[in-house]
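Asker: Sequence first, then the predicted structure, then my questions.
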Amino acid sequence: IGTITVSDSIVSPWSWEHTAKEYPVYPATNQSAYLIGGSLGSLSIPDQSLWRHEGEPDWWSAISSTSGPIATSDPLVNQINHFADVIAGRAEPLVSGREGLRTLRVVDAIQRAAATGETVSLAEEI
């Protein structure tokens, strides 16, 4: 069971641009953009705070967080530098062409299912 809320048209301090602090043109907030929770812990991103029970996991045990260092750099510069390294043969792509094709097939199946109201099987396509 999960809850996912996505909006690009609300006033909030939780957008990636405001929380990641990657681009100085966006005023930074000390908030998290994503919260991922489970029965043994929760993680907030991009601040990388990992929350866990200090003792046995129950409602009465205190929780605390730990977080690691966060490297900040311009992701667009990193992306183009990596792309140049791939072209020059100095690096492997982070995502293969085959993986990109699989992703496109999934997106296409979602669009077909939404348009037809029918289940679209990917078993034979991936």
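Answerer: Cool, got the structure. What you see is a predicted model; the values in this text were computed from it and never measured.
Asker: For the helix ranked longest in the chain, what does the pLDDT average out to?
Answerer: Criterion DSSP state H: the longest helix present in the chain is helix 97-116. Averaged across helix 97-116, the pLDDT comes to 94.
Asker: Lowest mean pLDDT among the helices and strands of this protein, which one is it?
Answerer: Of all helical and strand segments in the chain, the minimum by mean pLDDT, DSSP states H and E falls on helix 16-20, at a mean of 88.
Asker: other SSEs contacting that one?
Answerer: Judged by 3 or more Cβ pairs under 8 Å, 6 or more residues apart in numbering; DSSP states H and E, helix 16-20 is in contact with no other helix or strand. (Glycine included, C-beta is placed from N, CA and C.)
Asker: Partner strands of the helix or strand following it, with direction?
Answerer: Using DSSP states H and E, the helix or strand that follows helix 16-20 in sequence is strand 34-37. Using DSSP bridges, strand 34-37 pairs in its sheet with strand 42-45 (antiparallel).
Asker: For the strand it pairs with, the averaged confidence score.
Answerer: Averaging pLDDT along strand 42-45 gives 94.
Asker: Quick one: distance of it to the chain centre.
Answerer: With Cα atoms, centre = their mean, to the nearest Å as the basis, strand 42-45 stands 11 Å off its chain's centre.
Asker: CA atoms only: put the least confident helix or strand of the chain into CSV for me.
Answerer: The C-alpha coordinates for helix 16-20 follow below in CSV (Å, rounded to 0.1, in the frame of the first residue of the first chain):
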residue,chain,number,x,y,z
TRP,A,16,13.5,18.8,-6.5
GLU,A,17,14.8,22.1,-7.7
HIS,A,18,14.3,23.8,-4.3
THR,A,19,15.5,20.8,-2.2
ALA,A,20,18.5,19.5,-4.1
